[in-house]
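Undergrad: Below are the sequence and a predicted model; questions follow.
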Amino acid sequence: MRDVVHVLLGALRVLIFFVDTLVFIPIVLLVSIGDRDGRRAYAVARWWAWLNVALSGVRVEVEGLAHLEPDASYVFMSNHRSAFDVLLLIVALWNYQLRWVAKVELGRIPGFGWCLRATKQIFVDRANHERAVASLEAARDRIRQGVSVVVFPEGHRNSGTMLPFKKGGFVFAIETAAPIVPIGISGSGSLVGRNGLLGRLHDTVGVAVRPPVATAGLTLADRDRLLARVRWVIASAARPARTTPPLSTHGPQTAMARSRAHR
């Protein structure tokens with residue numbers, strides 16, 4: 001009986017997700033008119049992410065935001081267990097204008113892809129080297145304008161064990177001299193069941209933010225060593241056990257204020 005309830009609840013949450021997404025899409029597109037850098041559109045999309053995290057019953061516990069400067073630009077790198085990770089990071093990093101490196105195919109999805117383009121996400125066409133290079137050039141410009149970039153260095157969601165890291169994000173960080181912020185997400189892998197539904201109740205997900213790793217002065221010869229260091233930090237941060245009490249986020253952006261209070 002409990003399994004049936006979880007399936008029905010999961011189906012209801014997915015239905016609500018699609019309905020509120022349909023409501024938010026035209027709002028994002030409307031505010032994106034004349035929004036050259038996508039900041040207004042992203043601000044609306046941020047509320048969409050918060051709403052769906054709240055409706056899912058997931059509690060996000062964030063630690064380590066005190067390591068960050070609120071006005072700085074970073075390359076955030078995280079492990080990747082669930083499609084829900086994107087929403088979790090938006091909520092956990094509320095004060096930051098985040099842009100994801102995404103496959104160009106995602107931008108072609110009606111509705112969803114339009115919003116990705118409206119919020120100026122970074123599309124990479126892996127089949128076309130020239131277009132991929134142009135996309136990364138655009139991303140460099142956005143870093144200089146105060147936008148932060150999010151990279152899942154595994155490239156794909158893993159099933160419990162971290163996949164090998166791809167080197168592209170590290171090359172990008174070195175070339176832009178942007179600090180890399182390792183993030184470990186724990187608990188998100190259990191949110192979505194095998195049926196693809198959010199059926200679990202009141203789960204807690206940990207988002208552990210670690211101190212930035214400087215890339216200024218590094219060259220491409222340092223890429224592999226940088227990758228190994230960041231991978232080790234992410235793997236350590238993604239473990240469920242913590243040595244310091246986490247900070248809970250129940251609403252939009254209380255996390256940054258709380259982290260400052262704990263400095």
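TA: All right, it came through fine.
Undergrad: Check the gap between Ile234 and Gly184 for me.
TA: 5 Å (C-beta to C-beta, to the nearest Å). In short, each C-beta sits where N, CA and C put it, glycine included.
Undergrad: now the strands: where do they sit in the stretch 151-263 of the chain?
TA: In the stretch 151-263 of the chain, the strands defined using DSSP state E, counting those that start in this stretch lie at 180-186, 204-209, 247-249.
Undergrad: I'd like those written out as CSV, with mean neighbour count added.
TA: As requested, the strands of the stretch 151-263 of the chain are exported to CSV (neighbours: other C-beta atoms under 10 Å):
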stretch, mean neighbour count
strand 180-186, 25
strand 204-209, 23
strand 247-249, 20
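Undergrad: Report the set of residues contacting both of Ile234 and Gly184.
TA: Common neighbours of Ile234 and Gly184, counting by C-beta atoms under 8 Å, 6 or more residues apart in numbering, are Ser78, Asn79, Arg210.
Undergrad: Please determine how far the second one is located from Asp224.
TA: I take that to be Asn79. From Asn79 across to Asp224, the span is 19 Å (C-beta to C-beta).
Undergrad: Between the two, point out the one with more neighbours.
TA: Higher neighbour count among Asn79 and Asp224: Asn79, with 25 against 11, using other C-beta atoms under 10 Å.
Undergrad: Quick one: name whatever helix or strand follows the longest helix seen in the chain.
TA: Counting residues, the longest helix found in the chain (DSSP state H) is helix 2-31. With elements assigned by DSSP states H and E, the helix or strand that comes after helix 2-31 is helix 39-55.
Undergrad: Can you mark which positions in the next helix or strand after that next one are buried?
TA: Next along the chain after helix 39-55, taking DSSP H and E as the criterion, comes strand 59-63. For strand 59-63, the neighbour count (16 or more other C-beta atoms under 10 Å) marks Arg59, Val60, Glu61, Val62, Glu63 as buried.
Undergrad: Include mean pLDDT and distance to Ser73 when you put the strands of the stretch 151-263 of the chain into a markdown table, please.
TA: Listed next are those as a markdown table, based on pLDDT from 0 to 100; distance: least, C-beta to C-beta, whole Å:
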| stretch | mean pLDDT | distance to Ser73 |
| --- | --- | --- |
| strand 180-186 | 95 | 10 |
| strand 204-209 | 92 | 15 |
| strand 247-249 | 43 | 22 |
